[in-house]
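Engineer: structure for this input, please:
(chains A, B and C)
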Amino acid sequence: MMPAQSESILERMIARYGMPSPALEYHSLYQLVVAVVLSAQTTDSQVNAVTPSLFRRFPDFQSLAGADIAEVETIIKSTGFYRNKAKNITLLARDITHNHGGTVPENREELMRLPGVGRKSANVILAMGFNIPAFAVDTHVLRVANRIGYCATDDPLKVEASLTSIIPETMWIPGHLLFITHGRRTCRARNPLCPECAINDLCAFAGKTL
DNA sequence: ATCCCGAGGG
DNA sequence: CCCTCTGGAT
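Structural biologist: You can find the predicted model right below:
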């Protein structure tokens, strides 16, 4: 089956889910960057469960830059990979404080040089933090894009290239959120709900066996 | 290619 | 029990 027009697919997703807002909870650029690094390979609710106490204890980059890593580990432990994440956000806070004048870089190259920030996280920060068009490819986006038929690859960079060529730039940010929502609620990894899917007539995967 | 790492769901 | 969750660094 030929991949459907992206406009139709996104319109259907909006009709089904509404226009989703980011599930990650944050109230500043500082909080966004830290929450995004913590969100690697864990659910947003796991991150949202620890960030209030983390941000109460360390309200900005400067305070986190001076944090005791063991204390940070204790606070964020339940998000998994806590040793790496504690080290990364502390070093990241130091880097931004000392080498970036306390402000978050606004371009992908510099963002990706921050510890714990790869291309996916950099794209999320650009999109959500600066409203700069970017299509972050996480596990949900990768799965949904492959099932729809927009690509056939496990390489997130290639998935991103397909999505950014198929979908109009003005829809990259809402498209990202819509793909995430669709992946969570309907196009689930394990038991996708194809019969009740809003785009099953436009999807290359619907009706196929796992 | 492998490691880091915990929690929730089916 | 096994799979999955908005990955990144070595």
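Engineer: can you pull the pLDDT of the residue nearest to A:Ala136 when sequence neighbours are not counted?
Structural biologist: Leaving aside its chain neighbours, A:Ala136 sits nearest to A:Asn123 (3.7 Å; criterion: C-beta to C-beta, 6 or more residues apart in numbering). (Glycine included, C-beta is placed from N, CA and C.) With respect to pLDDT, A:Asn123 has a value of 97.
Engineer: other SSEs contacting the helix or strand containing A:Lys158?
Structural biologist: Element membership of A:Lys158 [criterion: DSSP states H and E] is helix A:156-166. For helix A:156-166, the elements it packs on are helix A:119-124, helix A:139-148, helix A:172-185, judged by 3 or more C-beta pairs under 8 Å, 6 or more residues apart in numbering; DSSP states H and E.
Engineer: low pLDDT regions in chain A?
Structural biologist: Within chain A, the stretches with pLDDT under 70 are A:1-4, A:207-210.
Engineer: which parts of it sit against DNA strand B?
Structural biologist: Proximity of chain A to DNA strand B, by C-beta under 7 Å from any atom of the strand, involves residues A:41-43, A:46, A:77-84, A:190-191.
Engineer: would you list the residues you listed in JSON lines and tack on neighbour count?
Structural biologist: Below are these laid out as JSON lines (neighbours: other C-beta atoms under 10 Å):
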{"residue": "A:Gln41", "neighbour count": "11"}
{"residue": "A:Thr42", "neighbour count": "15"}
{"residue": "A:Thr43", "neighbour count": "13"}
{"residue": "A:Gln46", "neighbour count": "16"}
{"residue": "A:Lys77", "neighbour count": "13"}
{"residue": "A:Ser78", "neighbour count": "11"}
{"residue": "A:Thr79", "neighbour count": "23"}
{"residue": "A:Gly80", "neighbour count": "14"}
{"residue": "A:Phe81", "neighbour count": "14"}
{"residue": "A:Tyr82", "neighbour count": "17"}
{"residue": "A:Arg83", "neighbour count": "13"}
{"residue": "A:Asn84", "neighbour count": "14"}
{"residue": "A:Arg190", "neighbour count": "5"}
{"residue": "A:Asn191", "neighbour count": "7"}
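Engineer: just the residues you listed now: which is nearest DNA strand C?
Structural biologist: Nearest to DNA strand C out of the residues of chain A next to DNA strand B is A:Thr43 (C-beta to the nearest atom of the strand; 3.5 Å).
Engineer: the helices in chain A, which residues?
Structural biologist: Per DSSP state H, chain A carries helices over the ranges A:6-17, A:29-38, A:44-57, A:61-65, A:69-76, A:82-99, A:108-112, A:119-124, A:130, A:139-148, A:156-166, A:172-185.
Engineer: ok, now which ones touch the nearest residue in space to A:Leu91 that is not next to it in sequence?
Structural biologist: Leaving aside its chain neighbours, A:Leu91 sits nearest to A:Pro115 (4.5 Å; criterion: C-beta to C-beta, 6+ apart). Contact analysis of A:Pro115 by C-beta atoms under 8 Å, 6 or more residues apart in numbering lists A:87-88, A:91-92, A:95.
Engineer: hmm, A:Phe179 is touching A:Val141, no?
Structural biologist: Yes - between A:Phe179 and A:Val141 a contact is recorded at 4.7 Å, counting by C-beta atoms under 8 Å.
Engineer: chain center to stretch A:29-39: distance?
Structural biologist: 10 Å (C-alpha atoms, centre = their mean, to the nearest Å).
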